[in-house]
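Chemist: coords below, sequence missing:
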C-alpha cells in the first residue's frame with residue numbers, strides 16, 4: 001500500500017468534534033484514492049438522517065444510501081457523518097435534500113459514478129423515497145447512470161420489509 005498524505009484530514013481522530021446544526025458542506029473532507037486504476041463501489045448506509053420539513057418545521061427521518069465509484073478523491077466517513085448531521089435543522093423537501101447531498105459530493109470528489117437514495121419514514125401514511133444518480137459525462141459511467149436509473153428498484157419494501 002502506498003503511503004498517503006493524511007494531513008488534510010482534520011476531523012478523523014479529533015477529540016474536539018464540533019457539530020454544525022445548520023447545513024454546512026464545508027465540513028466535508030477528502031483523501032486520495034489508493035486504487036484509481038480499479039472500479040469499485042464505496043457504500044455508506046446512514047440510518048439516522050434527519051432534516052426539517054420547510055413548511056411545518058417538523059422533523060423528517062430517513063435512512064440514506066450513498067454509493068459511489070471513486071476516481072481520484074474519496075470522502076472521509078467522519079466528515080460525511082458530520083455533514084449529514086448538519087441537515088438536522090435544515091428545512092428542505094426530501095427530494096431536494098437528496099439532490100443537494102449528491103451535488104455536494106460530486107463537487108467535492110468528482111466521482112466516476114454516484115447514487116444517493118433516501119428512504120424517509122412514512123408520515124401521514126405515505127413514504128417518499130427519492131433516488132438520484134450521476135455518471136461522469138462522456139464516459140461509460142454516464143451510460144451506467146442512465147441504465148441504473150431505468151432499472152432502479154421502485155419497491156423498497158423488497159429491501160427493508162416496509
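Modeler: Arrived safely. Everything quoted here is computed from the prediction, not taken from an experiment. Numbers count the residues shown, from 1 in each chain.
Chemist: Lowest-scoring secondary structure element of the protein by mean pLDDT?
Modeler: helix 157-160 (a mean of 46; mean pLDDT, DSSP states H and E).
Chemist: How are the helices of this protein distributed by residue range?
Modeler: According to DSSP state H, the chain carries its helices in the segments 77-85, 94-109, 140-151, 157-160.
Chemist: Nearest to residue 63, out of the ones you listed?
Modeler: helix 157-160 (7.8 Å; CB to CB). For every residue, glycine as well, the C-beta is placed using N, CA and C.
Chemist: Looking at the residue nearest the centre of the chain now. What's its pLDDT?
Modeler: Among the residues of the chain, residue 66 comes closest to the average C-alpha position under CA atoms, centre = their mean, at 4.3 Å. Per-residue confidence (pLDDT) for residue 66: 97.
Chemist: Name the nearest residue to it, sequence neighbours excluded.
Modeler: In space, and not counting its chain neighbours, residue 66 is closest to residue 44: 4.4 Å by CB to CB, 6 or more residues apart in numbering.
Chemist: Report the rounded mean pLDDT for stretch 103-119.
Modeler: 97.
Chemist: first to last residue in that stretch, what's the distance?
Modeler: End-to-end distance for stretch 103-119, by CA to CA, to the nearest Å: 18 Å.
Chemist: Show me what stretch 115-125 is in contact with.
Modeler: With contact meaning CB atoms under 8 Å, 6 or more residues apart in numbering, stretch 115-125 is reached by 49, 58, 60-68, 94, 97-99, 101-102, 105, 127-134, 145, 148, 156, 160, 162.
Chemist: Let's see that with 6 Å instead.
Modeler: 60-67, 94, 98, 101-102, 128-133, 156 (CB atoms under 6 Å, 6 or more residues apart in numbering).
Chemist: which residues in this structure form strands?
Modeler: Here the chain has its strands, by DSSP state E, at 30-32, 42-52, 59-69, 73-75, 113-120, 131-135.
Chemist: and the ones you listed, which is most packed in?
Modeler: Mean neighbour count (mean count of other CB atoms under 10 Å) peaks for strand 113-120 among those, with a mean of 23.
Chemist: what lines up beside it in the sheet?
Modeler: strand 59-69 (antiparallel), strand 131-135 (antiparallel) (DSSP bridges).
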